[in-house]
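J.: A predicted structure for the sequence below; I have some questions about it.
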Amino acid sequence: MNRHPKPLPPPPNGPGHGRTKGSKNKLTKERVEKELRHIAFSNCVDLFERAHKGRRVFRLRELTAMPEGVQRAIASMKVRRENLTAGDGARDTTVEVKLWDKTKALELCARALGMLKDHIVVEGLDARKEHLREALAKVPPREDPT
């Protein structure tokens, strides 16, 4: 029995191999808009399911059971096992879910739709204009060659 498997051949580099032109990883305006919509309109209630009817007990849904928009709005998840109540000897699981910045996503969407406009105020032009006028006044006028 051979303990060392044969190495895999290198991937071909010819056309049609690797990432194709219509790849799902291609960055397009439509994909960016879709991602921003998922973040901007996500609802954190969709992260949870009711554990007991009639009682206010909720349980975090499995990631695969969450709607796609909520999955895409999650920036990170941390799972910690720790003893929350001293002396009981039980290990509790704490799940920390961080979402992408919803207000920033809404702002970017509003800018794309033209709802927000940046106003640029340039100060100090009056002093600069006066300085240029003084400099032009010092320049002797051109003589007309005709």
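T.: The structure has been received and is ready for your questions. All values reported here derive from a predicted model rather than from experimental measurement. Numbering: from 1, shown residues only.
J.: Pull the number of nearby residues for Ala112.
T.: Using other C-beta atoms under 10 Å, Ala112 is surrounded by 13 other residues. For the C-beta atoms, the positions are set from N, CA and C on the backbone; glycine is no exception.
J.: ok, now how distant is it from Leu36?
T.: Distance of Ala112 to Leu36, computed by C-beta to C-beta, to the nearest Å: 8 Å.
J.: any idea which residue sits dead centre in this structure?
T.: Trp100 (6.5 Å; C-alpha atoms, centre = their mean).
J.: right, and that residue touches Ile39 too?
T.: Yes. Using C-beta atoms under 8 Å, Trp100 makes contact with Ile39 at a distance of 4.7 Å.
J.: okay, and the common contacts of the two?
T.: Between them, Trp100 and Ile39 share these contacting residues under C-beta atoms under 8 Å, 6 or more residues apart in numbering: Ala73.
J.: Look up which residues are beta-bridged to Thr93.
T.: Arg81 (DSSP bridges).
J.: Could you tell me what pLDDT the model assigned to the residue nearest to the centre of the chain?
T.: If you check Trp100, the pLDDT there is 93.
J.: got a list of what it touches?
T.: Counting by C-beta under 8 Å, 6+ apart, Trp100 touches Ile39, Ala73, Ile74, Ala75.
J.: Please, where are all the helices along the protein?
T.: In the chain, the segments counted as helices under DSSP state H are 29-40, 68-73, 102-112, 125-138.
J.: among these, which is the most enclosed?
T.: Most buried of those by mean neighbour count (mean count of other C-beta atoms under 10 Å) is helix 68-73; its value is a mean of 17.
J.: which helices and strands does that helix pack with?
T.: When contacts are defined as 3 or more C-beta pairs under 8 Å, 6 or more residues apart in numbering; DSSP states H and E, helix 68-73 sits against helix 29-40.
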